[in-house]
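Asks: Using only what follows, build the 3D model:
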Amino acid sequence: VARAAPLLPREVTQSGVTTQKQQTSALMFLTMLSENEEYDATYIQNYLNINVLPELKRINGVGDVSVFGAKNYAMRVWLQPERLAAYNLVPQDVIGAINEQSLEAAAGSLGQNNAEAFEYVITYGGRYNTEEEYKNIIIRALDNGQFIRLQDVARVELDAEG
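Replies: Residues are numbered from 1 along each chain as shown. Next up, the predicted model:
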């Protein structure tokens, strides 16, 4: 791990690296499906990752649980070079805005260990989850009071990774 860590992108090391020992043999396989056509394979896989896998991993004696298929949801941002050029922007401007506005941070409170009579609780929305939230990320403020938003320079969609 120590030799691999310097080779990883900054975004990966920022969110953390987890290692675990693993045996290569499998004890059980399960198949999940839905007869409801609204739920495609990507939806089912992500439902399992969010709701089922954590519960299975909590069972005493279970070493690991994984879902085959690699269809995890990802927010895809397709930059449109001609629009970036029209606003005099570069891809790094967009990456910086996304990183700054869709962040993970620890919330807390101010004044709780103070003799003052007030306490201010700090909360935040956390990482964005929907296409609409990402589309409205502000890339730059213009002199006339308007904003260049991500939807002005890119196509944004929630879909499977890959």
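Asks: Could I get the full set of strands for the chain?
Replies: Along the chain, counting by DSSP state E, strands occupy 73-79, 108-110, 120-122, 138-141, 147-149, 154-160.
Asks: Tell me which of these lies nearest to residue 56.
Replies: Nearest to residue 56 among the strands of the chain is strand 73-79 (19.6 Å), distances taken as C-beta to C-beta. Backbone N, C-alpha and C define where each C-beta goes, glycine included.
Asks: Within the sheet, what are the partner strands of the closest one, with directions?
Replies: Strand pairing for strand 73-79, using DSSP bridges, gives strand 154-160 (antiparallel).
Asks: Tell me who's in contact with residue 69.
Replies: 41, 45 (C-beta atoms under 8 Å, 6 or more residues apart in numbering).
Asks: of the strands of the chain, which approaches residue 29 most closely?
Replies: Nearest of the strands of the chain (C-beta to C-beta): strand 154-160, 21.3 Å.
Asks: Tell me which residues are up against the closest one.
Replies: Residues external to strand 154-160 that are found in contact with it (C-beta under 8 Å, 6+ apart): 42, 70-80, 83, 94, 130-131, 134-135, 150.
Asks: Just the buried subset of those, please.
Replies: 42, 71, 73, 75-77, 94, 131, 134-135, 150 (16 or more other C-beta atoms under 10 Å).
Asks: Residue nearest the middle of this structure, spatially speaking?
Replies: Most central in the chain under C-alpha atoms, centre = their mean is residue 127, positioned 6.4 Å from the mean C-alpha point.
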